[in-house]
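Peer 1: next input, structure requested:
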Amino acid sequence: MSREMANEIKLLSGSSHPDLSAQVAGRLGIEIARTVSLNYSNQETSVTIGESVRDEDVYILQSAATGDVNEGLMEMLIMIHACKTASARRITAVIPCFPYARQDKKDRSRAPISARLIANMIQTAGANHIITMDLHASQIQGFFSVPCDNLYAEPSVLRWIRENRNVEQVVIVSPDAGGAKRATSIADRLNASFALIHKERPRPNVVGRMVLIGEVRDKVAILVDDMADTCGTLDKAAGLLRDANAKEILAIATHGILSGNAIETINNSSLSALVVTNTVPLGDKVSRCPKLQVIDVSGTLAEAIRRTHNGESVSYLFTHVPV
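Peer 2: Down below sits the predicted model:
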C-alpha cells in the first residue's frame with residue numbers, strides 16, 4: 001500500500017479478534033489505530049479512539065466471537081458511533097462473521113427477525129458500508145439501505161481442496177437442503193459429483209432423522225457448510241456417510257464457531273478433518289482438536305478493504321484468492 005493510502009485510511013480493531021485485525025493490517029502495510037476499550041464495574045462498555053479520524057476512511061473490524069457475541073456487537077456499535085461523532089468521512093464495518101445471521105426470517109409465530117434488527121442498529125450507529133463473509137442467508141444484504149459486500153470463502157476452499165485432495169475422487173455433500181446451492185457451486189467448479197443429506201430438525205441445535213441422497217461409496221466425501229457450531233449435524237452426517245461406505249469423510253465450514261462440546265464431538269466423530277477459516281477466533285481449539293485445520297482469509301478481507309478504499313470493484317474476489 002502506498003504512503004498516501006496509509007495516511008488516508010484508518011483500521012480500527014475491536015477486541016473480539018485482534019489476531020485477524022493484525023493480519024489484515026500487515027497485508028495492507030498499515031498500523032492499527034490506537035483505541036482503548038474497557039468495561040465499567042457494571043459492565044458498560046467504554047471506547048476511546050486514541051487518534052484523529054477526522055475526514056478519514058475508517059474500517060472497523062469486529063467479528064462474532066463465541067460466548068461474547070453481544071459484548072462484541074455493543075463494542076462495535078460504540079466504535080462506529082465514536083468515529084461518526086469524530087467526523088470520519090466514511091465508516092465501514094468489517095464483520096467477517098455476522099452476528100445473529102441465523103435469525104434471518106420469521107419461521108414460526110412471534111419469532112423475531114433479529115438479523116434485520118442488527119442491520120438497523122449498525123446503520124443507526126453510523127456505518128456507511130458493510131463488508132462481511134458468507135452470510136448464512138444472502139438476503140440479509142437486503143436488510144441494509146447502505147452498500148453491503150458479502151464476500152465468499154469459496155475461492156479459498158476450492159484452492160484448499162485442489163491442493164490437499166485428488167479432485168477426481170471427491171464428492172461434495174451438503175448436510176442439509178438449505179446449503180445445496182453452496183455445495184453445488186463448489187461441485188460444479190471442481191467438476192465433481194454432488195450428494196445431499198435431508199435432515200429433520202425438531203428444535204434448534206437438535207438434529208433428527210437424516211437421509212442420504214446420492215452415491216459416496218469409495219469416494220472422498222467433503223461436507224460443506226457455512227458454519228460449524230455445536231457440530232451435531234456434522235457428526236451425524238459423517239456417521240451416515242461412513243455407513244454409506246465413503247472412503248474418507250471431512251468437513252469444510254467458513255465460520256468455526258465450535259461452541260459447547262463441539263471439540264469433543266469432532267474428536268469422537270468419523271471425520272478425518274474439519275477445515276474452517278479464521279473469521280472467528282479459535283483460541284486453544286486448534287491444540288485441543290488435532291482434526292482442526294485453518295484457512296487464512298485475511299488476504300481476502302485486506303484486498304476488499306483496499307479495493308473499497310480505491311473505489312475499485314470487489315467482484316474479482318468472488319472467484320479469485322488474492323496473492
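Peer 1: how much space between residue 319 and residue 113?
Peer 2: 31 Å (Cβ to Cβ, to the nearest Å). All C-beta atoms are positioned from the backbone trio N, CA, C, and that covers glycine.
Peer 1: residue ranges with poor pLDDT in the chain?
Peer 2: 1-7, 66, 201-202, 204-208 (pLDDT under 70).
Peer 1: what residues go with each domain of it?
Peer 2: Segmentation of the chain into domains, based on automatic domain parsing, reads 3-152+298-318, 154-295.
Peer 1: mean neighbour count added to the ones you listed, as JSON lines?
Peer 2: Output for those, formatted as JSON lines (neighbours: other Cβ atoms under 10 Å):
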{"stretch": "domain 3-152+298-318", "mean neighbour count": "18"}
{"stretch": "domain 154-295", "mean neighbour count": "18"}
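Peer 1: and residue 222, its phi and psi?
Peer 2: Main-chain torsions, residue 222, degrees, to the nearest 10: phi -110, psi 110.
Peer 1: cool, and residue 234?
Peer 2: Torsion angles, degrees, to the nearest 10, at residue 234: phi -60, psi -40.
Peer 1: sketch out the strands for the stretch 51-200 of the chain, chain order is fine.
Peer 2: With DSSP state E, counting those that start in this stretch as the criterion, the stretch 51-200 of the chain has strands at 57-61, 90-95, 129-133, 148-151, 170-174, 193-199.
Peer 1: show me what contacts residue 179?
Peer 2: By Cβ atoms under 8 Å, 6 or more residues apart in numbering, residue 179 lies in contact with 224-226.
Peer 1: repeat that with 6 Å
Peer 2: residue 225 (Cβ atoms under 6 Å, 6 or more residues apart in numbering).
Peer 1: off-centre distance for the top helix by length along the chain?
Peer 2: Criterion DSSP state H: the longest helix present in the chain is helix 69-85. Counting by Cα atoms, centre = their mean, to the nearest Å, helix 69-85 is centred 19 Å from the centre of its parent chain.
Peer 1: same list, the strands of the stretch 51-200 of the chain, but as a markdown table with distance to residue 255 please.
Peer 2: A markdown table is the format used below for these (distance: least, Cβ to Cβ, whole Å):
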| stretch | distance to residue 255 |
| --- | --- |
| strand 57-61 | 15 |
| strand 90-95 | 11 |
| strand 129-133 | 8 |
| strand 148-151 | 13 |
| strand 170-174 | 16 |
| strand 193-199 | 19 |
